[in-house]
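Undergrad: Build me a model:
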Amino acid sequence: MRRGDRSGGLDGVLVVAKPSGPTSHDVVALVRRLSGTRRVGHGGTLDPFAAGVLPVFLGRATRLVEYHLGAPKRYRATVCFGETSTTDDIDGERAPAEGPPVTRAAVEAALAAMTGPIRQVPPAYSAVQVAGRRAYQMARAGEAVELAARDVTIHALTLLEWDGTDPARPIAVVDVECSAGTYVRALARDLGVRLGSGAYLGALVRTASGGFRLEDAVSFDDLRAHAADGPVGVERALHPIDAGLEDLPHAPITADEVRRLGEGLVTAPRTPLGVRDAPLVLATGPDGRVAAVCRAVSGALHPHKVLAARPVDAEGRHVRRAPVGEAV
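TA: This is a model prediction of the structure:
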């Protein structure tokens, strides 16, 4: 069972198929209400107009969100040529762009040239902070926004569909595989610049976030149907709290070793570790659930985050934990 969130509610990962319109915060609020769980967070913002995979973490799973944020992403992006947008997407004010007609062959050549490590300037209407203010706040106030370029990696850009019905405003659907932190709006903008024209993002669907795939995600309608049976119905749609982290080393430990880690003690497991030294190891208890996030040093586990419930004494009082990493 995944119950037992000390903040009240469920523990686990819910892979949501966000529709276009709601914000990522709206999705979190909906999951919080339907699941009866207070502690809920998401694994990577999607713009309101964007749809697709949004991993949502409940209860103790929220403590593992940071290990998902750097995961690669995959998108299906609709790029519209012949116009520019103030926001680099369909929600901005658009203006016709001068330049030669854009052809399918030119787009395919440009996409090939834009793969690999690149320097990307985020859109002016983005959440990047400038002197303590969000860039989009400055842009909306009519202030000039100058953002520094950042390093991202474009693993692959593949043209899926081409609509040249209107030669002055053709449309391309592109499969994008990229590193975390990539702005697909900026990719569309820069593609237009590279072609001597203009371009903006007309639609966006995130098809994968790390190991989470769109085909495995639940829609709002499905989520509400699950919730008709109460939190237990939502629980049926949950993945374990370490879902998406299967590639990390896992170390099975005994109940006594769970207790030791829960007390903040360095522990040498009875079952030898698969890797003697590793910056990140998930220690799993006899029930198969993640009990702690640890660092492995010379075959011993040094607790970093303890997810198991705190041990109690014979009178039901919580046992005081030793400082994390203290040995006995």
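Undergrad: Run through the residues that contact Tyr136.
TA: Each residue near Tyr136 by Cβ atoms under 8 Å, 6 or more residues apart in numbering is listed here: 124-127. The C-beta positions use only the backbone N, C-alpha and C, and glycine is treated the same way.
Undergrad: Sketch out the helices for the stretch 201-328 of the chain, chain order is fine.
TA: Per DSSP state H, counting those that start in this stretch, the stretch 201-328 of the chain carries helices over the ranges 220-227, 231-235, 255-262.
Undergrad: Output these as a markdown table; include the columns mean neighbour count.
TA: Below are the helices of the stretch 201-328 of the chain laid out as a markdown table (neighbours: other Cβ atoms under 10 Å):
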| stretch | mean neighbour count |
| --- | --- |
| helix 220-227 | 16 |
| helix 231-235 | 18 |
| helix 255-262 | 20 |
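Undergrad: can I get those in CSV with distance to Arg289 and mean pLDDT?
TA: Formatted as CSV, the helices of the stretch 201-328 of the chain follow (distance: least, Cβ to Cβ, whole Å; pLDDT from 0 to 100):
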stretch, distance to Arg289, mean pLDDT
helix 220-227, 21, 95
helix 231-235, 14, 93
helix 255-262, 10, 94
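Undergrad: Arrange those helices in JSON lines, one row each, with distance to Thr158 as further columns.
TA: Shown next, in JSON lines, are those (distance: least, Cβ to Cβ, whole Å):
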{"stretch": "helix 220-227", "distance to Thr158": "29"}
{"stretch": "helix 231-235", "distance to Thr158": "36"}
{"stretch": "helix 255-262", "distance to Thr158": "45"}
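Undergrad: which stretch among the ones you listed comes nearest Phe81?
TA: Relative to Phe81, the nearest member of these by Cβ to Cβ is helix 220-227, separated by 32.3 Å.
Undergrad: tell me how far the closest one is from the chain's mean position?
TA: Offset of helix 220-227 from its chain centre (Cα atoms, centre = their mean, to the nearest Å): 22 Å.
Undergrad: How about stretch 286-297?
TA: Stretch 286-297 sits 22 Å away from the centroid of its parent chain (Cα atoms, centre = their mean).
Undergrad: Who are the contact partners of the closest residue to Arg169 other than its chain neighbours?
TA: Distances taken as Cβ to Cβ, 6 or more residues apart in numbering put Gly82 closest to Arg169, at 3.9 Å, once the chain neighbours are dropped. Each residue near Gly82 by Cβ under 8 Å, 6+ apart is listed here: 96-97, 102, 166, 168-170, 197-199.
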